[in-house]
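Novice: here is a sequence together with a model predicted from it:
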Amino acid sequence: MITIIFSKDRSMQLDLCLKSLYANCGEYMDIHVLYTCSNDRHEKSYEILKKEHKFVDFVREIDFKSDLLRLLHDKMHILFCTDDCIFTRPFSMNEVVNMLDENIDSIGFSLRLGVNTTICYSANAIQNVPPCVKIKENVLMYGWYKADLDFGYPLELSSSVYRVHDINPILYNLDYSNPNELEWIMYCSLNAYREYKPLLICYENSIAFCNPLNRVQNLNNNRCGNKYSSDWLLTEFEKCGRIDIEPFIGFIPTGAHEEKEIIIGYS
């Protein structure tokens with residue numbers, strides 16, 4: 001099992017992502033951050049994070065696809081994550097992997113979906129929770145190919161777990177050079193999974209969400225907030241500021257993405 005977190009120019013948000021993951025999953029996790037930076041200041045902020053998170057492998061991106069495939073070599077399961085993801089409630093990664101292996105018709109295990117995620121932030125729309133079957137206490141499964149919006153988007157990079165061999169045809173055979181392109185080709189490949197992997201697993205209430213405070217790429221015009229720019233957060237990070245995890249403990253979001261105010265503490 002491997003966890004790969006994609007990051008660009010978001011040392012402050014990445015720090016919160018990592019701390020929230022530690023706080024909610026007590027099991028050993030093989031965590032790798034595949035990151036890139038737009039300037040020296042951001043680069044130096046990641047060097048600081050390397051010292052603060054000594055058990056995390058930070059990989060400076062050289063060639064995105066090659067770097068990703070190297071990290072995934074010989075791995076059986078992957079948790080994809082983005083640096084603006086926040087984990088909010090306790091969960092067991094061993095349970096997630098076991099549920100995947102026991103339900104071979106499932107395409108993955110989403111940590112960002114649940115009966116609470118009734119709003120699709122990116123579309124600014126209400127979404128219907130699809131009919132679900134409870135396969136274990138607090139664990140649900142449903143048919144993603146009939147579902148609305150986020151529920152019908154089972155291949156994604158923000159906080160979902162997959163069997164590596166299921167997605168290897170995409171990872172090895174198609175062209176992509178960054179996380180946005182990878183997620184797009186994953187979406188475009190959905191029809192290939194519809195017949196033999198028609199189901200998606202999730203917790204009854206989601207245990208993770210993305211807090212879209214800002215945008216650090218210009219490949220698409222994803223909806224996001226405009227109060228906390230990446231550069232402003234970098235300046236506060238350089239002042240030894242870090243986002244307080246406390247307001248997110250036990251938080252139940254209304255969607256896979258939700259803008260939530262942050263509190264920065266200084267040491």
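Specialist: Cool, the structure landed.

Novice: going forward, measure contacts between C-alpha atoms and count neighbours the same way
Specialist: Noted.

Novice: all the helices of the stretch 151-267 of the chain, residue numbers only.
Specialist: Chain-ordered helices for the stretch 151-267 of the chain, with DSSP state H, counting those that start in this stretch as the definition, fall at 164-173, 179-188, 230-238.

Novice: Tyr145: which of those is closest?
Specialist: Tyr145 lies closest to helix 179-188 among those, at 11.8 Å (C-alpha to C-alpha).

Novice: contacts for stretch 18-29?
Specialist: Among residues not part of stretch 18-29, those counted as contacts by C-alpha atoms under 8 Å, 6 or more residues apart in numbering are 1-3, 86-94, 245.

Novice: which of the helices of the stretch 151-267 of the chain sits most buried?
Specialist: Per-residue neighbour counts averaged over each of the helices of the stretch 151-267 of the chain give the maximum for helix 230-238, namely a mean of 18 (mean count of other C-alpha atoms under 10 Å).

Novice: report all helices and strands that that helix contacts.
Specialist: Contact here means 3 or more C-alpha pairs under 8 Å, 6 or more residues apart in numbering; DSSP states H and E; on that basis helix 230-238 packs against helix 11-24, helix 40-52.

Novice: residues touching the closest residue to Ala125 other than its chain neighbours, list them.
Specialist: Once flanking residues are discounted, Ala125 sits nearest to Ile119: 5.8 Å by C-alpha to C-alpha, 6 or more residues apart in numbering. Contacts for Ile119 were tallied using C-alpha under 8 Å, 6+ apart; they are Ala125, Ile126, Gln127, Thr254, Gly255, Ala256.

Novice: follow-up on the earlier one: export the helices and strands packed on helix 230-238 to TSV and tack on mean neighbour count and mean pLDDT?
Specialist: Listed next are the helices and strands packed on helix 230-238 as TSV, based on neighbours: other C-alpha atoms under 10 Å; pLDDT from 0 to 100:
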stretch	mean neighbour count	mean pLDDT
helix 11-24	21	97
helix 40-52	15	98
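
Novice: can I get these in TSV including distance to Ser160?
Specialist: Formatted as TSV, these follow (distance: least, C-alpha to C-alpha, whole Å):
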stretch	distance to Ser160
helix 11-24	13
helix 40-52	24
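
Novice: out of those, nearest to Asp166?
Specialist: In terms of C-alpha to C-alpha, the element of those nearest to Asp166 is helix 11-24, at 24.7 Å.
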